[in-house]
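*Asks:* Predicted model and sequence follow; I will ask about them next.
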Amino acid sequence: MWDRYNLMGQNAMSQGRAGDAETQFRLAVQEAEKFDAKDPRLPSSLNNLANCLRSQGKFPEAETHYKRALEVKQKAVGAFHTDLISIYENYAKMLRAAGRESEAGKMDQHARAIFMKK
């Protein structure tokens, strides 16, 4: 079911139906919660949901999901894994959209530090 919810969410986003996408991504997160702690589907689902919320201007809730995506992913792969870069970059976009430039810069620094280590 996770695959279905995730794909439907992505399709809805690409069609400009953020509300429908949000519903599907929330269902994807619920399904992903059932998987092993190291499974990449939960942080991916959280990141997708946060991106969707960001696109709707729901910044506080988006931030909650970006933070959780980072936490879950870091526990699974470590603090300097390249899989974290996209989450940091998306989080920075949300912070910029919310007018929090200095915090966005910190997220960019995290992403760059990981990129430089690879």
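*Replies:* Thanks, I have the structure now. Residues are numbered from 1 along each chain as shown.

*Asks:* all contacts plus neighbour counts: C-alpha atoms, from now on.
*Replies:* OK.

*Asks:* Show me the helices in the chain, by range?
*Replies:* Along the chain, counting by DSSP state H, helices occupy 2-14, 18-32, 41-55, 59-77, 85-97, 101-117.

*Asks:* Mind putting those into JSON lines with mean neighbour count and mean pLDDT?
*Replies:* Listed next are the helices of the chain as JSON lines, based on neighbours: other CA atoms under 10 Å; pLDDT from 0 to 100:
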{"stretch": "helix 2-14", "mean neighbour count": "18", "mean pLDDT": "97"}
{"stretch": "helix 18-32", "mean neighbour count": "21", "mean pLDDT": "98"}
{"stretch": "helix 41-55", "mean neighbour count": "25", "mean pLDDT": "98"}
{"stretch": "helix 59-77", "mean neighbour count": "18", "mean pLDDT": "97"}
{"stretch": "helix 85-97", "mean neighbour count": "21", "mean pLDDT": "98"}
{"stretch": "helix 101-117", "mean neighbour count": "16", "mean pLDDT": "95"}
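
*Asks:* Which residue would you name as the spatial centre of this structure?
*Replies:* residue 47 (1.4 Å; CA atoms, centre = their mean).

*Asks:* Hmm, it is touching residue 63, no?
*Replies:* No: with contact defined as CA atoms under 8 Å, residue 47 does not reach residue 63; the gap is 9.8 Å.

*Asks:* Who are the contact partners of the residue nearest to the centre of the chain?
*Replies:* Residues counted as contacts of residue 47 (CA atoms under 8 Å, 6 or more residues apart in numbering) are 65-66, 69, 87, 90.
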